[in-house]
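Trainee: Please find the sequence and the predicted model below.
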Amino acid sequence: MNAITSTNALAATAALEGSLRAIVGPQHLRSTVEADAVAGVRPRIVVEPATEQELAAALRLANNAGLSVIPRGGGTKLGWGNPPARADLILSTSRLNKIIEHPWADLTVSVEAGCTMEKLQSTLAQHGQRLALDALWPARATIGGILSSNDSGSLRLRFGALRELIIGVTLALSDGTLASSGGKVVKNVAGYDLQKLATGALGTLGVITRAVFRVHPLPKTSKTFSIPTQTFEESQRVLSTIQDSKLAHTALHVRAASDALPFVDVLLEGTEAGLTAQEAQLKRLLAPNALLDSPSTVWNARQHLWDNSDSAAIAKLSVLPCEIAQTLENIQRLGAQYRSHWQTIIGAFGIGWLRLEGLPENLHSVLQELRAQLERESGSLIVLHRPPTLPPFDAWGNAGDALPLMRAVKHQLDPKNTLNPGRFVGGI
């Protein structure tokens, strides 16, 4: 171990429990159970602070004692990333679950990290607004966890990625400092973009305690259309035709599987009159392709990739938008070569998700070869879920020239390597 030995960690954790109990109260500190394991590694205790100050104080104690800390929100993505090199203490944000401020006229909202996406969206909807983000498992996923994992879906085509929606953040650093960046208004240029740095860092730089977002009006109505295609090249053509048009589409992706023809799905939002006009334009653009009315549940397809996923491998892909058809061809070829069933969804912006089922050694070969192909074309493959029997496989792949800078930032903000050690790119 790179900090303290297992025996010393056990002794340090036991010595620390009294101090932690004094901070959060005895009912909010407990021993872990098997369900608390993080990528197969089980920490010793769970601490549930009620305020940012309690969380920062608990983190400072653990850091000073040389213990490793795993931040946790709803626990929906604890398997993402590599297994932790050490895991002594889970620091839960479940009690930091308030919506702090919603100045709806300013189109912003300030929310604690432990608030679920579902609760936030329900509150915003009372004023006809939404956070334009379609994260996985909204009933359980928390704001802090969504930010840390940089989880977004098809809506990013219209509204941008998480780093474009977040305008302020507060982090508890490993030494107990509460650091804030950004502000409460949409236009803010002061200070460093700490909020963008923390987004997607998997909790390795600090524990997110609150965030401020820009929000958008809810649409008056929406319609989803699906276009069946015969080949991946045809799917690419349909995607390009819609993207190059003047349609104000909100989401656009292609769905494909080893046992089905590909479909392109497009989401239109607006007024009834506006949607009627856009539908007519879409029919003209895509003729003679069929245009099918589809239920809004089409946009849950990404989440359905995780259904009964114990024996499946699930990965996130990044490709150039012009290479989507070629990527699908590669997946099809590798799936056939290694007798693996596959399903994938790739957004028009080039980010997609892939589910693989088959023998563990075959899944390993598909992932390895597909990652190599994608990286040669400036893409990437990140493994989000792996079956227990899958041979060892790094979750992240090659970080390229960015790795030295990432390590320098990690050392600056978390010099003792307290937070989520080993889970991020390059063993950070």
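Mentor: Structure's in. What do you need? The shown structure was predicted, so the numbers you read here are calculated from the model rather than taken from an experiment.
Trainee: So which helix or strand of this structure has the lowest pLDDT on average?
Mentor: Ranked by mean pLDDT, DSSP states H and E, the weakest helix or strand in the chain is helix 6-24, scoring a mean of 83.
Trainee: What are the buried residues along that one?
Mentor: The neighbour-count check on helix 6-24 (16 or more other C-beta atoms under 10 Å) flags Ala9, Ala12, Thr13, Leu16, Glu17, Leu20, Ile23, Val24 as buried. C-beta: built from backbone N, CA, C; applies to glycine.
Trainee: Check stretch 41-57 too.
Mentor: Applying a neighbour-count criterion of 16+ other C-beta under 10 Å, one finds 41, 43-50, 52, 54-57 buried in stretch 41-57.
Trainee: Over to stretch 269-289?
Mentor: Glu269, Gly270, Leu275, Gln278, Glu279, Leu282, Leu285, Leu286, Asn289.
Trainee: Can you tell me what sits against it?
Mentor: 219-223, 225, 227-229, 238, 241-242, 245-250, 266, 268, 291 (C-beta atoms under 8 Å, 6 or more residues apart in numbering).
Trainee: Let me see the mean pLDDT of that stretch.
Mentor: Mean pLDDT, stretch 269-289: 95.
Trainee: Repeat that for stretch 326-334.
Mentor: On average, stretch 326-334 scores 98.
Trainee: what sits up against it?
Mentor: Here stretch 326-334 has contacts from 232, 235, 254, 256, 258, 262, 317, 319, 340, 342, 344, 346, 352, 354, 365-366, 369-370, 373-374, 379, using C-beta under 8 Å, 6+ apart.
Trainee: that older thread, reformat the buried residues of helix 6-24 into TSV and put distance to Leu157 next to each item.
Mentor: Formatted as TSV, the buried residues of helix 6-24 follow (distance: C-beta to C-beta, whole Å):
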residue	distance to Leu157
Ala9	45
Ala12	48
Thr13	46
Leu16	46
Glu17	48
Leu20	44
Ile23	44
Val24	42
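Trainee: So which of the contacts of stretch 269-289 belong to strands?
Mentor: The strands, defined by DSSP state E, take in Thr221, Ser222, Lys223, Phe225, Ile227, Pro228, His249, Thr250, Val266, Leu268 from the contacts of stretch 269-289.
Trainee: Export those residues as TSV, with columns for neighbour count and distance to Ala211.
Mentor: Formatted as TSV, the ones in strands among the contacts of stretch 269-289 follow (neighbours: other C-beta atoms under 10 Å; distance: C-beta to C-beta, whole Å):
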residue	neighbour count	distance to Ala211
Thr221	12	29
Ser222	15	26
Lys223	18	32
Phe225	22	34
Ile227	23	37
Pro228	16	40
His249	18	28
Thr250	20	23
Val266	27	30
Leu268	23	29
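Trainee: Which members of those are the farthest-apart pair?
Mentor: Maximum pairwise distance in those, criterion C-beta to C-beta, is 24.3 Å, between Thr221 and Pro228.
Trainee: Is it possible to get CSV of the buried residues of stretch 41-57 that adds secondary structure, pLDDT and distance to Lys416?
Mentor: Shown next, in CSV, are the buried residues of stretch 41-57 (DSSP: H, G, I helix; E, B strand; the rest coil; pLDDT from 0 to 100; distance: C-beta to C-beta, whole Å):
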residue, secondary structure, pLDDT, distance to Lys416
Val41, strand, 93, 19
Pro43, coil, 96, 17
Arg44, coil, 95, 18
Ile45, strand, 96, 19
Val46, strand, 98, 21
Val47, strand, 98, 18
Glu48, coil, 98, 23
Pro49, coil, 98, 20
Ala50, coil, 98, 25
Glu52, helix, 97, 21
Glu54, helix, 98, 21
Leu55, helix, 98, 17
Ala56, helix, 98, 15
Ala57, helix, 98, 17
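Trainee: Export the residues you listed as a markdown table, with columns for distance to Ile143.
Mentor: Shown next, in a markdown table, are the buried residues of stretch 41-57 (distance: C-beta to C-beta, whole Å):
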| residue | distance to Ile143 |
| --- | --- |
| Val41 | 25 |
| Pro43 | 22 |
| Arg44 | 27 |
| Ile45 | 24 |
| Val46 | 20 |
| Val47 | 19 |
| Glu48 | 17 |
| Pro49 | 16 |
| Ala50 | 17 |
| Glu52 | 14 |
| Glu54 | 18 |
| Leu55 | 14 |
| Ala56 | 18 |
| Ala57 | 22 |
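Trainee: Done for today, thanks.
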